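>>> I need the structure of the sequence given here:
(chains A, B and C)
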Amino acid sequence: GDGRMGVVFNDAAQDKLRLDSRARVRFTLSGETDTGMAFGGWFRAQTAPDSASGNMGTGGANVFISGDFGRLSFGDVAGAAQASVGDLHGIGLTGLGFLNENTYFQRDFNGGILNSGGTNALYTYSFDGFTVHASLGQLNVRDGNNDRVEMGSIGARYEFDGFAIGAGYELANIGGDNFGHVALGGEANIDMFSVRATIGRLVQDARGTNTSDHQIGLSGSADIDDITVSAFARRDFARDVHVGAGASYSLGGGASIVGGVRYTSFDAGGGQTVADFGVSFSF
Amino acid sequence: GDGRMGVVFNDAAQDKLRLDSRARVRFTLSGETDTGMAFGGWFRAQTAPDSASGNMGTGGANVFISGDFGRLSFGDVAGAAQASVGDLHGIGLTGLGFLNENTYFQRDFNGGILNSGGTNALYTYSFDGFTVHASLGQLNVRDGNNDRVEMGSIGARYEFDGFAIGAGYELANIGGDNFGHVALGGEANIDMFSVRATIGRLVQDARGTNTSDHQIGLSGSADIDDITVSAFARRDFARDVHVGAGASYSLGGGASIVGGVRYTSFDAGGGQTVADFGVSFSF
Amino acid sequence: GDGRMGVVFNDAAQDKLRLDSRARVRFTLSGETDTGMAFGGWFRAQTAPDSASGNMGTGGANVFISGDFGRLSFGDVAGAAQASVGDLHGIGLTGLGFLNENTYFQRDFNGGILNSGGTNALYTYSFDGFTVHASLGQLNVRDGNNDRVEMGSIGARYEFDGFAIGAGYELANIGGDNFGHVALGGEANIDMFSVRATIGRLVQDARGTNTSDHQIGLSGSADIDDITVSAFARRDFARDVHVGAGASYSLGGGASIVGGVRYTSFDAGGGQTVADFGVSFSF
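Presented below is the predicted three-dimensional model:
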């Protein structure tokens, strides 16, 4: 499980400062067949006192089976492009909106821009330094206009000696309109430093809902003794630019003092500053 | 806990094929008094990414206390008729609508046709091969018309040498209107074969909402090494006829490949075919 | 975890008698930093078949960190006045409305009269027999009229040789209107007897929504072998008077037979009787 307690500042809100806390438990299930295939799943039960309902939420729930044939996951899983290219380094106690995450048609935690969530399927096969991914969004989903949404993705990632490069292609068809997204990313891990760069290009955007057909981002992280500092900068398909920085100081035993700040400059003008500070726990 | 991943086909839906996955944990609580009475309870936390709310659901939650006096259960428990007569053999990865289950006024998993769910009470006493059941629906429930719903049930089951016969009687009064249901069932387990037959007759149906006053069903199951095959046929109170068949192949360690198909022929004309296929896990 | 099963009577309801059951699990998380500070949290997952949604609810979720500096808790925690003065002895299987609990502006389980719930913060420091508390309600909450709600509390409690006295002061500002509440309480534990008295006075009540500016209560409890009897009487800020009594008989192993009755005499005239009886479990 994990937990956190702290304060969150948002200068775009009417009421800028809020207390924040959360306690969360992760249930992990695993087993093995007689022929040595692994299977399992996990989901999280969480509770945040500020949630309106007081109910427990779940996120990332998935099940998998893996063996010589690779690994097949069902549930709230990443798309192949996301699994191959990934995201920038994250910051802060609460994620500060998770704007270090790239825009994908389909991604985990129900966050894809063209995928309304639900059960997705991801197949992964690894050999030598290569990992190949193929994914399928939930079949026959309907969007708000009752248009049928079909979505799939392929991608590959190659890792060698601290370096990694990944590429992915996402394809969607919504009510007959085609959407395509090519994503590329690279990562280098040298001593205590980690650097990532990612770029995405919309090769088809039938409805022209995106201002730009490029997203691009750069991030880095450094571990110096008990301190980790991270920063990212990203421009998204709306031409909004997000810049963030954060630091974490480990108290040992799973507790850390964590803080971060993120600034967004909107293409339409104006900006937003969000910050947080507190203690995070992992159990 | 348990889990599953697979595909579901439904030819009556606008969009026929869907991916399906689920992960679930069961919490079991138990204790013993100083005088040796057992008490406990259980409920399940489950998560299915396709659920609209993203919240965790629960099903079958109940608590019990048992001793020389028998066993008293409160919560989402079976009625006495269901506990005595039971259901037909089930099929498939997802249950395919659970149409192998007989219609009772009151049953577990909030599924009774006259019971809106809630806390029910079930008393069970066993001696020699006999098991006697008595149950009470939640008191003073109101239905959608604000009519008071009162419901109770009695039943008995006798088991001997692989054979079992059961009988139950359900009685309900809704806003002064009387409903009665007599159910009978038999089961035989011989070597790797299991056969069940059940019949139900409405002896009172004050509102005449059921087309027929009979339900009848037959089912069988066979275990052959790692393979289990099951099938059922049932006609319900609406004169709809349901036929289903399924098979399961155990991979060991709690994982099985499971598939099933169910066809319903509606009394009003037309039919529906539902099928599923995938992997089920138990942990 | 814990559970309960029984019946509840309420003579003010259209339908007076109901069955009641519940099963509940408590998740407790804990850790320790390298320098010996403790941290952790807990929340409960519960399920009651009569809940409309069938979802799991949570209550009391909180996280904390503690060390030489004292203890800081975030989440659904008590206010400082509640932590210092406390409540009267409770009765019954289900709490019978928990009217043994004093009225505070802010209290745990989201029950404060001026606090809409959410993440609160409570700081506690203990030395010798003294415990000092300071608390802050969630910052920048808005009430139903979109007025900003600010709330804080301080208090202290001194314990010596079975006796304890506590005092607290709660302060709230809602849209510019001021509210103040001073609470005092005492407790004595002598052999198998426990007695508590509490009093609260509204020193500011800008909106005059309370009929009276006093609340006062007295309660007692006695443990005699396996039997515990408890009773309380309390007059609240609405001049309503609540009287309750209950008893519990331990079966050992965490199971008890529990019953209680509570009568309320309303200032506006009339009364209400609520009673319950059943078995409670703790696991």
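>>> can you give me the helices for the stretch 51-200 of chain A?
Using DSSP state H, counting those that start in this stretch, the helices of the stretch 51-200 of chain A run over A:80-85.
>>> so where is it shaky, pLDDT-wise?
Residue ranges of the stretch 51-200 of chain A with pLDDT under 70: A:51-60, A:110-111, A:116-117.
>>> Skipping its backbone neighbours, what lies nearest the residue in it that chain B sits nearest to in space?
Nearest residue of the stretch 51-200 of chain A to chain B: A:Asn140, at 3.0 Å (C-beta to the nearest C-beta). The C-beta positions use only the backbone N, C-alpha and C, and glycine is treated the same way. Nearest residue to A:Asn140 in three dimensions, chain neighbours excluded: B:Asp15, at 3.0 Å (C-beta to C-beta, 6 or more residues apart in numbering or on different chains).
>>> Please give the element, helix or strand, for the closest residue to A:Leu96 other than its chain neighbours.
Using C-beta to C-beta, 6+ apart and skipping the chain neighbours, the partner closest in space to A:Leu96 is A:Arg262 (4.3 Å). Per DSSP states H and E, A:Arg262 falls inside strand A:255-265.
>>> Now do the following helix or strand past that strand, average pLDDT.
Using DSSP H and E, the helix or strand that follows strand A:255-265 in sequence is strand A:271-282. For strand A:271-282, mean pLDDT is 95.
>>> In its sheet, which strands sit next to strand A:271-282, and in what direction?
With DSSP bridges as the test, strand A:271-282 is paired with strand A:2-10 (antiparallel), strand A:255-265 (antiparallel).
>>> a markdown table for these, including mean pLDDT and mean neighbour count?
Putting those into a markdown table (pLDDT from 0 to 100; neighbours: other C-beta atoms under 10 Å in any protein chain shown) gives the following:
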| stretch | mean pLDDT | mean neighbour count |
| --- | --- | --- |
| strand A:2-10 | 90 | 22 |
| strand A:255-265 | 97 | 20 |
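>>> A:Asn120 is nearest to which of these?
strand A:2-10 (24.2 Å; C-beta to C-beta).
>>> quick one: contacts of that closest one?
A:16-24, A:26, A:93-94, A:258, A:272-283, C:29, C:39-41, C:63-65, C:72, C:74-75, C:139 (C-beta atoms under 8 Å, 6 or more residues apart in numbering or on different chains).
>>> Is the residue of the stretch 51-200 of chain A closest to chain B in contact with A:Asn173, as I believe?
No. Contact between A:Asn140 and A:Asn173 fails when scored by C-beta atoms under 8 Å: they sit 11.8 Å apart.
>>> Which residues are in contact with each of the two?
In contact with both A:Asn140 and A:Asn173: A:148, A:150, using C-beta under 8 Å, 6+ apart.
>>> More neighbours: the two, which one.
Neighbours were counted for A:Asn140 and for A:Asn173 using other C-beta atoms under 10 Å in any protein chain shown; A:Asn173 has more, 18 against 15.
>>> Kindly state the beta-bridge partners for that one.
On the basis of DSSP bridges, A:Asn173 is bridged to A:Glu150, A:Asn178.
>>> measure it to A:Val149 for me?
For A:Asn173, the distance to A:Val149 equals 8 Å [C-beta to C-beta, to the nearest Å].
>>> Spatially central residue (nearest the centroid) of chain A, please.
A:Glu101 (5.1 Å; C-alpha atoms, centre = their mean).
>>> That residue: what's it in contact with?
A:87-88, A:90, A:107, A:111.
>>> go on, A:Leu184?
By C-beta under 8 Å, 6+ apart, the neighbours of A:Leu184 are A:85, A:165-167, A:198-200.
>>> pretty sure A:Asp34 contacts B:Leu251?
Yes. In this structure A:Asp34 lies within contact range of B:Leu251 using C-beta under 8 Å: 6.5 Å.
>>> Among these two, which residue is more densely surrounded?
B:Leu251 (21 against 11).
>>> Can you list the residue ranges for strands in the stretch 51-200 of chain A?
A:62-67, A:70-75, A:120-127, A:130-136, A:141-142, A:148-160, A:163-174, A:177-190, A:193-205 (DSSP state E, counting those that start in this stretch).
>>> partners of the fourth one, with directions?
Read that as strand A:130-136. Counting by DSSP bridges, strand A:130-136 is paired with strand A:120-127 (antiparallel), strand A:148-160 (antiparallel).
>>> buried sites along the first one?
Going back to what we said before, that points to strand A:120-127. In terms of neighbour count (16 or more other C-beta atoms under 10 Å in any protein chain shown), strand A:120-127 has its buried residues at A:120-125.
>>> What of stretch A:276-283?
Neighbour-count burial for stretch A:276-283, counted by 16+ other C-beta under 10 Å, picks out A:276-281, A:283.
>>> What is the burial count for the spatially closest residue to A:Gly112 that is not a sequence neighbour?
Leaving out its chain neighbours, the residue that sits closest to A:Gly112 by C-beta to C-beta, 6+ apart is A:Gln106, at 3.8 Å. By other C-beta under 10 Å, 30 other residues sit near A:Gln106.
>>> how many other residues sit next to A:Asp213?
When counting by other C-beta under 10 Å, one arrives at 14 neighbours for A:Asp213.
>>> correct me, but it touches A:Ile199?
No. Between A:Asp213 and A:Ile199 there is no contact under C-beta under 8 Å: 11.4 Å.
>>> Any idea what A:Arg142 is bridged to?
A:Arg148.
>>> Could you report the neighbour count for it?
14.
>>> Could I get the contacting residues of it?
A:Arg142 sits next to A:148-149, B:15 when contact means C-beta under 8 Å, 6+ apart.
>>> Write the ChimeraX selection for whichever of the residues you listed are buried.
Buried members of the contacts of A:Arg142 can be picked out in ChimeraX with the line below, counting by 16+ other C-beta under 10 Å:
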select /A:149
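>>> which one among the contacts of A:Arg142 gets closest to chain C?
Among these, and counting by C-beta to the nearest C-beta, the member closest to chain C is B:Asp15, at 25.9 Å.
>>> is it true that the closest one lies in a helix?
No. Per DSSP: H, G, I helix; E, B strand; the rest coil, B:Asp15 lies outside any helix segment and is coil.
>>> which residues touch it?
Contacts of B:Asp15 were listed using C-beta under 8 Å, 6+ apart, and they are A:139-142, A:148.
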